[in-house]
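J.: Below are the sequence and a predicted model; questions follow.
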Amino acid sequence: MRRMITATVQNQSGVLQRITSVLTKRQFNIESISVGHAHTQELSKVTIVVEVEDHRKVEQLIKQLHKQIDILKVIDITELALVARELALVKVAATPQMRSEVTVLIQPFRASIIDVSSETITIEVTGNHEKVEALLELLRPYGITDIARTGLTAMTRGTQRTVHSFVSSSII
Amino acid sequence: MKASFVAEKERKKTTTMSGAEMLMEALEAQQVDVIFGYPGGAVLPIYDALYKRNLQHILTRHEQGAIHAAQGYARVTGKAGVVIATSGPGATNLVTGIADAMIDSLPLVIFTGQVATSVIGTDAFQEADIVGITMPITKHNVQVQKPEDLPRMIAEAFHIAQTGRPGPVVIDIPKDVSTALGDYESHPPVSLPGYEPTVRPNVLQVKRLMEAVTNAKRPVILAGAGVLVAKGEEALRNFAEQYHIPVANTLLGLGTFPYNHDLFLGMAGMHGTYAANMALYDCDLLIGIGARFDDRLTGNLNHFASKATIAHIDIDPAEIGKIIEPTIPIVGCAKQTLQTMLALETERGETQEWVATLANYKEHYPLWYDTSEEVLKPQQLLQLVHEETKGEAVVTTDVGQHQMWSAQYYGFTKPNRWVTSGGLGTMGFGFPAAIGAKMGKPDLPVVAIVGDGGFQMTLQELSVLQERQLAVIVIIVNNQSLGMVRQWQQIFYEERYSQSLLPVQPDFVKLAEAYNIPAATVSTPQEVRTHVAKALHSKGPYLLDCRVASDENVYPMIAPGQGIHQMLGVKK
């Protein structure tokens, strides 16, 4: 199963290595990881997407992450109401004749063309995992020459539908 | 302006000094009474600062010796062992001991030198990324960037190492940080928002546990080293006696419960007693306290306490549910939890029949070995050491057959006298650990029980015994082989003894004599008695090369993949 975990960490050198080290030691496969400053300078927010076998594994992962001194808070937000986005840059082989076709194609995705050359165009798209995947599927026949993806970053919504499905590290 | 600056400095009680001086001040503030270490280029400023101080420093002959000594010190005192090593090879030589301390939860504060900040990352002479290297094997590690941070980082390191589930903390100090001047703050504020161990147990869970205790017919306590860390032996004993519940120990938990107590079942696990293992197999309530259900303890998990309600008490939430999903999870300090359990004063369960069954097992399936007139048996050797030291000694070991025989036959009545490498299983641990143990508990007899293989990994520390005239008795259980490897090859590899026999050996007595340490070769029970008594009487170092049967195996034994009830060699 795919789990989305967010961690609030001290903004210190090596903290990302600490996280990946915990994941590697316990043989978790990281699907994506994204890091950036949190609301204050001292803190960073990390969003990790991992593929795990079962709930016990994910609970163990959260507890092990929580044990790190520089990690303040770890939450499995998979089952919470959340907004998750990733950004992808896609370079497509498109001759000048094809450009208008591609432009129409990407419109419903609210993607935009951010670079053009004689042989290629580069498209920027933001959205959840499925949306990005769907656009890539449509662009593939034209010939994708390069992709750069940020991986998911996520946040829980201000209002939660269900609180009982909250999975956290706490059994205290 | 100047006046107010001085006033501010006065208020914060700061003094200007070098990073190295701050380190010394901070160590004194932590009341560190001994440092184990080895100098080198990157720690020259630190050793220069040490030169002017009254801090006791033990110069081991290898950094691995220093860290194992610090581990021995930590295990018997409960205080953090302090280590200093230089950058690069000095630091990497500590790695085995750091990993050992991590897995066996021993508090250590380790200072490693580092090349100057200006050359970090340039592959400078003796540069190694020790923070990166030790990240997965430390409770926490940091590199100091400026001297002002040192006092706080040291205070935090001792706090982290010694509280909650103890563990090693590494502080990496670049050489220029040691020499740079900064303001030293004597009582730096410790602020660790990401670290708050849960000490007090959840009372509702404790109530659930006590209900289970009342309803249980076949309860058993599995006590691990967490009980020792919490100083909960007395509470454990009161609880077991009050509720009439038998107690089994993990390897590291030996000493939490007197070996000669009626309710004591012995050590459980791969080489555990029949009574302890059968209790864990057959119980209807298992109360694990400060134990982490290691694979060497549980055997095949499908057979481990499979009929039981499992309660797991541990201060580390990550241990709960890691191996076994307990019905009753309790995060908390072992002592406080036991005290909370006792305070509830619930009804006793009907355990008489169960206790009688287990007593019967103890009587009919005790540990056994074939005695011999011709050759000294290692098990007998351990029994004799127990008798001569009246079971009062601090016993340290490496890993392997001699470790298991020590665990089985020494018999501990008191806590914190058993120093062994459990989780990591480090050869060469026992002897340097004994040096640290002696520094921590100078009034207790200290016996290093080592194999002839393991001793040869760290025997350079004989120099420390010579120099300090430390009363450590080194007992080499010499079976001229890597006994446990040989045993597995005999049983599982059709007696193909690949690289496990050591017929060619140094003359250990002559070796000891080279260090001016009294020594003897012994091969009979009477010689063991005479020389152990003499060693105890001498108040100085002593080495005994004990020639024991070379083909003896450790039994009972649970073969890999087998259940805890499927023991080999329970009876002759």
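T.: That came in fine, so what should we check first?
J.: Could you pull up phi and psi at residue B:487?
T.: For residue B:487, the backbone dihedrals are phi -60, psi -40 (criterion: degrees, to the nearest 10).
J.: can you check the one 5 residues further on too?
T.: With angles defined as degrees, to the nearest 10, residue B:492 shows backbone torsions of phi -110, psi -10.
J.: Now it: closest residue in space, sequence neighbours ignored.
T.: Counting by Cβ to Cβ, 6 or more residues apart in numbering or on different chains, the nearest residue to residue B:492 once its immediate chain neighbours are dropped is residue B:559, at 7.5 Å. Where C-beta positions appear, they are placed from N, C-alpha and C, glycine not excepted.
J.: Could you verify my assumption that that neighbour touches residue B:569?
T.: No: contact criterion Cβ atoms under 8 Å: residue B:559 and residue B:569 do not qualify, at 10.6 Å.
J.: So residue A:74 sits against residue A:62, correct?
T.: Yes: at 4.9 Å, residue A:74 and residue A:62 qualify as touching, with contact defined as Cβ under 8 Å.
J.: Contacts only, for residue B:370.
T.: With Cβ atoms under 8 Å, 6 or more residues apart in numbering or on different chains as the criterion, the residues that contact residue B:370 are B:377, B:572.
J.: Equivalent analysis for residue B:170, please.
T.: Applying Cβ under 8 Å, 6+ apart, one finds that residue B:170 lies in contact with B:98, B:110-112, B:130-131, B:134, B:138, B:140-142.
J.: now, which of those lie close to chain A?
T.: Filtering the contacts of residue B:170 for neighbours of chain A using Cβ under 8 Å from any Cβ of the partner chain leaves B:131, B:140.
J.: CSV please, covering the contacts of residue B:170 and showing pLDDT and secondary structure.
T.: Output for the contacts of residue B:170, formatted as CSV (pLDDT from 0 to 100; DSSP: H, G, I helix; E, B strand; the rest coil):
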residue, pLDDT, secondary structure
B:98, 98, helix
B:110, 98, strand
B:111, 98, strand
B:112, 98, strand
B:130, 98, helix
B:131, 97, helix
B:134, 97, helix
B:138, 98, coil
B:140, 97, strand
B:141, 97, strand
B:142, 97, strand
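J.: can you tell me which of the contacts of residue B:170 lies nearest to residue A:118?
T.: Lowest distance from residue A:118 to these (Cβ to Cβ) belongs to residue B:131, with 48.7 Å.
J.: excluding its backbone neighbours, what's nearest residue 112?
T.: I'll assume chain A. residue A:124 (5.5 Å).
J.: think we crossed wires, I meant chain B
T.: By the measure of Cβ to Cβ, 6+ apart, the closest residue to residue B:112 outside its immediate chain neighbours is residue B:91, 4.1 Å from it.
J.: Quick check: which element contains the one you found?
T.: Counting by DSSP states H and E, the element that carries residue B:91 is helix B:89-92.
J.: what's the answer for residue B:521, then?
T.: Element membership of residue B:521 [criterion: DSSP H and E] is strand B:519-522.
J.: tell me what that strand is packed against?
T.: Packing contacts for strand B:519-522, counted by 3 or more Cβ pairs under 8 Å, 6 or more residues apart in numbering or on different chains; DSSP states H and E, involve helix B:508-514, helix B:525-538, strand B:542-547.
J.: quick one: contacts of the shortest one?
T.: Spelled out, it's strand B:542-547. For strand B:542-547, the external contacting residues (Cβ under 8 Å, 6+ apart) are B:375-376, B:378, B:381, B:462, B:471-478, B:508-509, B:512, B:517-523, B:528, B:531-532, B:534-535.
J.: could you flag which of these are buried?
T.: Applying a neighbour-count criterion of 16 or more other Cβ atoms under 10 Å in any protein chain shown, the buried members of these are B:375-376, B:378, B:381, B:462, B:471-478, B:508-509, B:512, B:517-522, B:528, B:531-532, B:535.
J.: Which helix or strand contains residue A:115?
T.: Assessed by DSSP H and E, residue A:115 sits inside strand A:112-116.
J.: actually residue A:21, not the one I wrote
T.: Using DSSP H and E, residue A:21 maps to helix A:15-25.
J.: For residue A:88, list the residues it contacts.
T.: Listed by Cβ under 8 Å, 6+ apart, the contact partners of residue A:88 are A:124-126, A:132, A:135-136, A:147-150.
J.: Looking at these, which are in helices?
T.: A:132, A:135-136 (DSSP state H).
J.: what about the strands in chain A?
T.: Counting by DSSP state E, residue ranges of the strands within chain A are A:2-10, A:29-37, A:43-51, A:71-76, A:82-93, A:112-116, A:120-127, A:144-149, A:153-156, A:167-168.
J.: For beta bridges, what are the partners of residue B:37?
T.: residue B:59, residue B:84 (DSSP bridges).
J.: repeat for residue B:473
T.: Assessed by DSSP bridges, residue B:473 has beta-bridge partners residue B:447, residue B:542.
J.: now the helix or strand in which residue B:355 is found: how far from the chain's centre is it?
T.: Take DSSP H and E as the rule and residue B:355 turns out to sit in helix B:352-364. Centroid displacement of helix B:352-364 relative to its chain, using Cα atoms, centre = their mean, to the nearest Å, is 31 Å.
J.: Show me which positions of that helix end up buried.
T.: Neighbour-count burial for helix B:352-364 [16+ other Cβ under 10 Å]: B:354-355, B:357-358, B:361-362.
J.: again with stretch B:316-335
T.: Going through stretch B:316-335 with 16+ other Cβ under 10 Å, the ones that come out buried are B:316-324, B:326, B:328-335.
J.: Next: stretch B:449-469.
T.: Those would be B:449-466, B:468, for stretch B:449-469 by 16+ other Cβ under 10 Å.
J.: cool, stretch B:204-223 as well?
T.: When neighbours are counted by 16+ other Cβ under 10 Å, the buried residues of stretch B:204-223 are found to be B:205-206, B:208-210, B:212-213, B:216, B:218-223.
J.: Would you pull up the residue in chain A closest to chain B?
T.: Nearest to chain B, among the residues of chain A, is residue A:63, at 3.7 Å (Cβ to the nearest Cβ).
J.: List the contacts of the nearest residue to that residue once chain neighbours are set aside.
T.: The shortest distance from residue A:63 to any residue that is not its chain neighbour, by Cβ to Cβ, 6+ apart, is 3.7 Å, and that residue is residue B:318. By Cβ under 8 Å, 6+ apart, the contact list for residue B:318 reads A:60, A:63-64, A:66-67.
J.: Domain boundaries for the chain, per the record?
T.: Picking chain A for this. Following automatic domain parsing, chain A resolves into domains at A:2-76, A:84-153.
J.: if you could check chain B rather than the one you did, that'd help
T.: Following automatic domain parsing, one gets these domains for chain B: B:14-185, B:203-364, B:378-554.
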